[in-house]
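>>> When you get a sec, could you give me coordinates for this:
(chains A and B)
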2 protein chains.
Amino acid sequence: MRSRLLFLAAVLLCVVVPALASASDAATAQHADPIAAVVLSLAVILAAAKLGGELATRLGQPPVLGELLAGVLLGNLNLIGFQAVEPLKHAAAIDMLASLGVIILLFEVGLESTVSQMLKVGLSSFAVATVGVIVPFALGWLASAWLLPNASHYVHMFLAATLTATSVGITARVLKDLGFSQTDEARIILGAAVIDDVLGLVVLAVVSALIAAADSGGQVSSLEIGLTLFKAIAFLAGALAIGGSISPRIFSVASLLRARGVLLAMGLTFCFVLSWLASAIGLAPIVGAFAAGLVLDPIHYRDFVDRGEHGLEELLQPISSFLVPVFFVLMGLRTDLSSFLQPGALALAALLTVCAIVGKQACGFAVIGRGIDRLSVGIGMMPRGEVGLIFANIGLTLTVRGERVVSTATYSAVVAMVIATTMLTPPTLKWSLNRRR
Amino acid sequence: MRSRLLFLAAVLLCVVVPALASASDAATAQHADPIAAVVLSLAVILAAAKLGGELATRLGQPPVLGELLAGVLLGNLNLIGFQAVEPLKHAAAIDMLASLGVIILLFEVGLESTVSQMLKVGLSSFAVATVGVIVPFALGWLASAWLLPNASHYVHMFLAATLTATSVGITARVLKDLGFSQTDEARIILGAAVIDDVLGLVVLAVVSALIAAADSGGQVSSLEIGLTLFKAIAFLAGALAIGGSISPRIFSVASLLRARGVLLAMGLTFCFVLSWLASAIGLAPIVGAFAAGLVLDPIHYRDFVDRGEHGLEELLQPISSFLVPVFFVLMGLRTDLSSFLQPGALALAALLTVCAIVGKQACGFAVIGRGIDRLSVGIGMMPRGEVGLIFANIGLTLTVRGERVVSTATYSAVVAMVIATTMLTPPTLKWSLNRRR
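Okay, here's the model as predicted:
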């Protein structure tokens, strides 16, 4: 029975889904209503996500790994005429739904912790994040200088910077899938990932500013660097302090409203406004979504639950199970396996991956306090995911005296490192967490 | 207490939401991450929708009317610097979410009825739809010929065509809000609206073909007209016949999967594939979504519910309460109140509105059988909504010998008629349905 099901799922994944996808490809051009192409892509993505997730579950892996691999499969099956969603017109729509999905995911993950629980592990998170930025940056620079001796130090600087920021999406999902979201390890990792995101963005801003200054022959203002850092810290402190006192009042007024769906609408509005605020001061929107989740506490909307309505987490569940897989399948879709085939890129990719893994393992030693699973913390900080891809994309736009700093082969190596760290995290984190159960 | 709340809601609606919206406007240009502008717009739209819905509910009206008016308010408050979402870059993203919203809404509405229930009222639906296309078309032609004696008969033909298609979204929402979705009246209206959509699209195709032929001096192929009609009928019959036998098997296989969220993913995939199929043969995607809902029966996914999972309707509820208000607020947002100010357009708009209302009231007399509330059926068929707007937009692109068939003033009149019929439906339908309770 089990093998028949596996076979059925494999057949569906390899035949039916690509066939639909190919139909999607062929049909896109001729339709007037752009939503038609979007819904077909969504149908393909959802079906692929569930089949991939099922295969992963049955093989004892977290579903997110199956979703990523389903995306890789969809994106690289050029042989049956399906190109990645990317070049199609509706790609922007799918991309937007994926971005919404990761915002909802970080909001959900934030909801599972409270501010006081985060403060308890705050010092550890800060130490983990700082070590997790410095060590991979140093290792990345050394690796780049060793393998690319003729490249300018801007290349080393850029490659080092791509190794710094943790992508919390994958880890958050694995922790959620395995029911570990409310452990101290999870809070250290998630807190560190948020601080890490802030530090990573500062590193990126500094590197970009240095390269831009070299390009125009000018100087970097240390004021700008300081300002970026200040804005980030002010945002998080402000969100936690002000948000924590405003949020109970908003929800207490909202509970007087009798229209249907008020709690969900208010929760989403709160999450969206904080995401926008984070973006407005130059941070990633997901940082705002996570802060919104942290600030909101079930006590704030207890009036709704008391009169028999569903809680916010329960209401968000169907939305996230619709939108979150779109994000992970799309991440897989964007993976061009052929980038692994360039020999130079492969060596650089392998070394960068090793630096990425080893560099974040150093985080585990920075944990303060006893009884914390340091190995799991190190593994949880491993994936670079979408933050690494954002770095890689920004790298492609940097020039020094009119010449591109990052070559296509170097870019491929960064993408490969991102994929490797992202793919390795679910199985190793699962193994590491269950080791102590 | 009640008046204080009303005041609070009014203040929020008039001050806070536009202020945020204005921030959204100002902020859009400077941000790198496009999702930031999207989430801020969503926050504004959700907050406005809930406040508008609350005001409407407290005034005894269906929430959808409040959502529409909140949109009109947001879109026309030029005085505080907020222009309609339309010209902004992220408008396409919001538009796409609105389109997804109306697809989910029609899927939900379809789920509330079964095929056998629809067949019971099929004859009535068909008679209602046919009368509801012929009478408004004839009245529209007469009105146009009377008020615009110098216009070509292509203008009369176009204006007549805009009066034919019922937009089922508003009526479906009012029926759902008031708990009337499972009555015979609701099924007649929804069935008729589907057939009406098909007939309306045929009328539009024929009128467009006639005008295109006049433009190039050629002839219209009656084969093409026949083909459009045939495809539409074949789709609905095919969806109901084949879908009805395939769907139980798909869900029975799916129930063997153990991954989380399988039922929701399968339901959405089914809905999205049928929406795409409808679009692929030239129908509106919402027709496919409605057909998907009709075909799916709770019995098909009883295995999921038996093992304690939520049913499909319950899972869809949070998604629809997130996306559906986006559609209705956006419809309001697109309403340019200044189009009412042109005197010529106002007279034409008034007469077209009368024809639109009277024409669909004739539908009530076409109902076959006793004990059916004919007045409610006629009122339920009234709104032209998004289908009317699609017609008006297509009209703007038609030319005869290089000259535009539809002037801007005529277009404004059509838009005004669409608004009036759409705005009048919720309160009159509510009155009419409750009259018999």
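>>> Isn't A:Met266 up against A:Ser252?
No. A:Met266 lies out of contact with A:Ser252 (Cβ atoms under 8 Å); the separation is 10.8 Å. The way it works is simple: take the backbone N, C-alpha and C, and place the C-beta from them, glycine included.
>>> higher neighbour count, these two?
Neighbours per residue, other Cβ atoms under 10 Å in any protein chain shown: of A:Met266 and A:Ser252, the larger number sits with A:Met266, 25 against 13.
>>> Could you measure from that one over to chain B?
7 Å (Cβ to the nearest Cβ, to the nearest Å).
>>> Can you tell me the closest non-neighbouring residue to that residue?
A:Ala254 (4.8 Å; Cβ to Cβ, 6 or more residues apart in numbering or on different chains).
>>> Enumerate every residue touching the one you found.
By Cβ atoms under 8 Å, 6 or more residues apart in numbering or on different chains, the residues touching A:Ala254 are A:262-263, A:266, A:301.
>>> can you dump the C-alpha coordinates of stretch A:147-161 into PDB?
C-alpha atoms of stretch A:147-161 as PDB (Å, rounded to 0.1, in the frame of the first residue of the first chain):
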ATOM      1  CA  LEU A 147      40.300  30.300  -4.700                       C
ATOM      2  CA  LEU A 148      40.100  33.700  -6.500                       C
ATOM      3  CA  PRO A 149      43.600  35.100  -5.900                       C
ATOM      4  CA  ASN A 150      43.400  37.500  -8.900                       C
ATOM      5  CA  ALA A 151      40.000  39.000  -7.900                       C
ATOM      6  CA  SER A 152      39.700  42.400  -6.300                       C
ATOM      7  CA  HIS A 153      39.000  42.600  -2.600                       C
ATOM      8  CA  TYR A 154      35.500  43.800  -3.400                       C
ATOM      9  CA  VAL A 155      34.700  40.300  -4.700                       C
ATOM     10  CA  HIS A 156      36.000  38.800  -1.400                       C
ATOM     11  CA  MET A 157      34.000  41.400   0.500                       C
ATOM     12  CA  PHE A 158      30.800  40.600  -1.400                       C
ATOM     13  CA  LEU A 159      31.200  36.800  -1.100                       C
ATOM     14  CA  ALA A 160      31.900  37.200   2.600                       C
ATOM     15  CA  ALA A 161      28.800  39.300   3.000                       C
END
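>>> Buried residues, it. List them.
Using 16 or more other Cβ atoms under 10 Å in any protein chain shown as the test for burial, stretch A:147-161 gives A:147-148, A:151, A:154-161.
>>> so where's the stretch 151-300 of chain A uncertain?
Scanning the stretch 151-300 of chain A for pLDDT under 70 picks out the ranges A:198, A:201, A:205, A:209, A:212-214, A:216-222, A:224-225, A:228-229.
>>> Surely A:Met382 is in a helix?
No. Assessed by DSSP: H, G, I helix; E, B strand; the rest coil, A:Met382 does not belong to a helix; its assignment is coil.
>>> measure it to chain B for me?
24 Å.
>>> what residues does the stretch 251-400 of chain A put near chain B?
Applying Cβ under 8 Å from any Cβ of the partner chain, we find that the stretch 251-400 of chain A lies next to chain B at A:253, A:256-262, A:264-266, A:268-269, A:271-273, A:275-276, A:279-280, A:284-285, A:315-319, A:321-322, A:325.
>>> just the buried members of these?
A:257, A:259-262, A:264-266, A:268-269, A:271-273, A:275-276, A:279-280, A:284-285, A:315-319, A:321-322, A:325.
>>> Inside strands: which ones of the residues you listed?
Among those, none falls in strands (DSSP state E).
>>> which residue ranges form the helices in the stretch 251-400 of chain A?
Under the criterion DSSP state H, counting those that start in this stretch, the stretch 251-400 of chain A contains helices at A:262-280, A:285-295, A:302-306, A:312-333, A:343-366, A:374-380, A:385-397.
>>> Now the fifth one: buried residues?
The neighbour-count check on helix A:343-366 (16+ other Cβ under 10 Å) flags A:345-346, A:348-353, A:355-357, A:359-364, A:366 as buried.
>>> The residue of the stretch 101-250 of chain A found nearest chain B: neighbour count?
Residue nearest to chain B within the stretch 101-250 of chain A: A:Ile103 (6.6 Å; Cβ to the nearest Cβ). The number of residues packed near A:Ile103 is 30, by other Cβ under 10 Å.
>>> thinking again about what came up before, which among the contacts of A:Ala254 gets closest to A:Asp197?
A:Met266 (25.9 Å; Cβ to Cβ).
>>> Quick one: residues contacting that closest one.
A:Met266 neighbours (Cβ under 8 Å, 6+ apart): A:250-251, A:254, A:301, B:50.
>>> Verify the stated contact: the residue of the stretch 101-250 of chain A closest to chain B with A:Ala291.
No. If you go by Cβ under 8 Å, A:Ile103 and A:Ala291 don't touch, sitting 11.6 Å apart.
>>> which stretches of the stretch 1-150 of chain A form helices?
A:2-11, A:17-28, A:34-58, A:63-76, A:91-111, A:115-120, A:122-147.
>>> Include mean pLDDT and distance to B:Val305 when you put those into TSV, please.
Output for the helices of the stretch 1-150 of chain A, formatted as TSV (pLDDT from 0 to 100; distance: least, Cβ to Cβ, whole Å):
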stretch	mean pLDDT	distance to B:Val305
helix A:2-11	51	21
helix A:17-28	48	26
helix A:34-58	87	18
helix A:63-76	81	22
helix A:91-111	86	24
helix A:115-120	72	35
helix A:122-147	89	42
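>>> Chain A - how does it break down into domains?
A:2-95, A:104-435 (automatic domain parsing).
>>> Columns distance to B:Ser407 on top of the ones you listed, output as CSV?
Formatted as CSV, the domains of chain A follow (distance: least, Cβ to Cβ, whole Å):
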stretch, distance to B:Ser407
domain A:2-95, 24
domain A:104-435, 40
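>>> What's the separation between the most centrally placed residue in chain A and A:Leu139?
The C-alpha lying nearest the average C-alpha coordinate of chain A belongs to A:Gly169 (Cα atoms, centre = their mean; 3.7 Å). Applying Cβ to Cβ, to the nearest Å, the value for A:Gly169 to A:Leu139 is 23 Å.
>>> A:Phe270 now?
Using Cβ to Cβ, we find A:Phe270 at a distance of 39 Å from A:Leu139.
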